[in-house]
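Novice: Give me the fold of what follows.
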Amino acid sequence: MTIISNEPERSVRQAIIGVIGVLNKADTAWPELFPFIGQASQNEHSPVREMSFLLMEELTDSVATQLEQSNDRSMASSLNSLLQHGLQDPDPKVNAATVKAAGGLLSYLAETDLYEEFQPVFMLMLQVADRLKHSNEDAVGIALDVLYDLILSFCPSIIQNLTDIFNWGLSLFNDEQMEHNIRDSAALVLATLCEVHSRKILAQPNLYQELCKSIYSIIAKSEESAAGALFQNNPMWSEDFEDSFDMNESSVTSMAQGTLDMMCLHLSPKAMYPVIMELSTSYYQTNLPNNIKSSLACMGVAAEGCCEDYTYNLQTLIPIVVGGLSHADVQVREVACFALGQFAEHCQPQVLSYASSILPALFPLLEDVQYLTVQVTSCYVLEQFCERLNPKDIRPVLHQVRYHYLILLSDIFRFFIFFISP
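Specialist: Now for the predicted structure:
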């Protein structure tokens, strides 16, 4: 401990911290450690103060276990004061180290009675993380991880600060300067809030409405295909289309669509359906391809959660989506197929009565050899309809279905021959 206090190199101090952590796990009875951390946190030199909280982070399991087993309120009070002091330190590096230490401890104690002792640390930690969001994203990521754990633990701090937490998560979700993994973590926090505290969220309509607006805006601004959700949910297609949809990692568009899906599944359709229809209509009417893409993508994603409302309004919805099948923009055609497939899957059996107007509009897309993804998404819709239609209903279009599938098969055969020919 004397060595680490006097070591000038930060990388060496961090290596020594790792060694102390290993030694402490081997012998948890090291009574000098906690007093040493407390003393170092008051040191006049900021690198030593930073080291004290990095060391505390390394010892999280030991400290939390000791707290839980002893139920020592005086120790909890001392730790509470120590963490608050570190979060209010004038040096940002000390703040970031304290966020890491506090985050580990709060996550560990989330489901224990001792958590109440650390409630003042919780909101202070979020304030510091927000201040550091463009200089230390690791601290932001840790704060979001803690939030996720506390939400699942039904922690009272979440309910008491629901609006502030939601708005902070939304600000990160919207921030295009943030790394994608941070925005993705913020999306998970927002979606989990909608799942676990749906009643509280519904009691404040501006919260879920603003999140919906952000989702539409993110999808519209993105140049990515919004039909990727279809391919990500079909593992057999993933390898074939990974170049088109980047199957190996979440995209901004899939992040937004996944959040909307969670909202529609866990918030009341009576609240969500009017918002979806209002935003989809306004985006569609701009006649801008990216806005139409966003409109149809969100309509498709919401189909499962809002299936009853969709079923009652298919007469209005179907013509809008079918109109997208003939749009000049390829991403609009893709996502129109995706939306129709979602309708076919979740609005049974009423949607089948529209097959006579939907299937003929799909046939030209099967001939779109320039864009393979359009062909595949149209095949997906045909599959959804054909496997559910009664024989008498499919018979009028059976010849056309067979004709276009034979063309597709012949194209695949010629493609195969081309590559195996010497």
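Novice: only C-alpha atoms for contact and neighbour calcs from this point on.
Specialist: Fine.
Novice: ok, Val322 touching Ala361?
Specialist: Yes. Using CA atoms under 8 Å, Val322 is in contact with Ala361, at 7.1 Å.
Novice: Settle it for me: which of those two has more neighbours?
Specialist: The neighbour comparison of Val322 against Ala361 (other CA atoms under 10 Å) goes to Val322, with 20 against 16.
Novice: Hmm, Ser198 is touching His266, no?
Specialist: Yes. Using CA under 8 Å, Ser198 makes contact with His266 at a distance of 6.6 Å.
Novice: and the residue lying closest to Ala256 once chain neighbours are set aside, backbone torsions?
Specialist: With sequence-adjacent residues excluded and distances taken as CA to CA, 6 or more residues apart in numbering, Ala256 is closest to Ile215, at 5.2 Å. Ile215 adopts backbone torsions of phi -60, psi -50, taken as degrees, to the nearest 10.
Novice: Which pLDDT value does the model give Ile407?
Specialist: According to the prediction, Ile407 has pLDDT 67.
Novice: shift numbering so it begins at 831
Specialist: Let's use 831 as the start, then, which means that last one is Ile1237.
Novice: Next up, the contacts around Ala940.
Specialist: Asp979, Leu980, Ser983, Cys985 (CA atoms under 8 Å, 6 or more residues apart in numbering).
Novice: Can I get these in TSV including pLDDT?
Specialist: TSV is the format used below for these (pLDDT from 0 to 100):
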residue	pLDDT
Asp979	92
Leu980	92
Ser983	89
Cys985	88
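Novice: neighbour-wise, which of these leads?
Specialist: Busiest of these [other CA under 10 Å] is Leu980, holding 20 neighbours.
Novice: tell me which element that residue falls in.
Specialist: Element membership for Leu980, per DSSP states H and E: helix 967-982.
Novice: Could you list the buried residues of the following helix or strand past that helix?
Specialist: Proceeding C-terminally, helix 967-982 gives way to helix 986-990 as the next helix or strand, assigned by DSSP H and E. Residues Ser987, Ile988 are the ones in helix 986-990 that count as buried (16 or more other CA atoms under 10 Å).
Novice: contact partners of helix 986-990?
Specialist: Residues contacting helix 986-990 (CA under 8 Å, 6+ apart): Gln949, Phe952, Leu980, Ile981, Ile995, Lys1030.
Novice: May I see the ChimeraX selection of the buried members of those residues?
Specialist: In ChimeraX syntax, the buried subset of those is picked out as below (16+ other CA under 10 Å):
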select :952,980,981,995
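Novice: how about TSV for the contacts of helix 986-990, with distance to Arg1163 added?
Specialist: Formatted as TSV, the contacts of helix 986-990 follow (distance: CA to CA, whole Å):
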residue	distance to Arg1163
Gln949	50
Phe952	47
Leu980	42
Ile981	39
Ile995	38
Lys1030	38
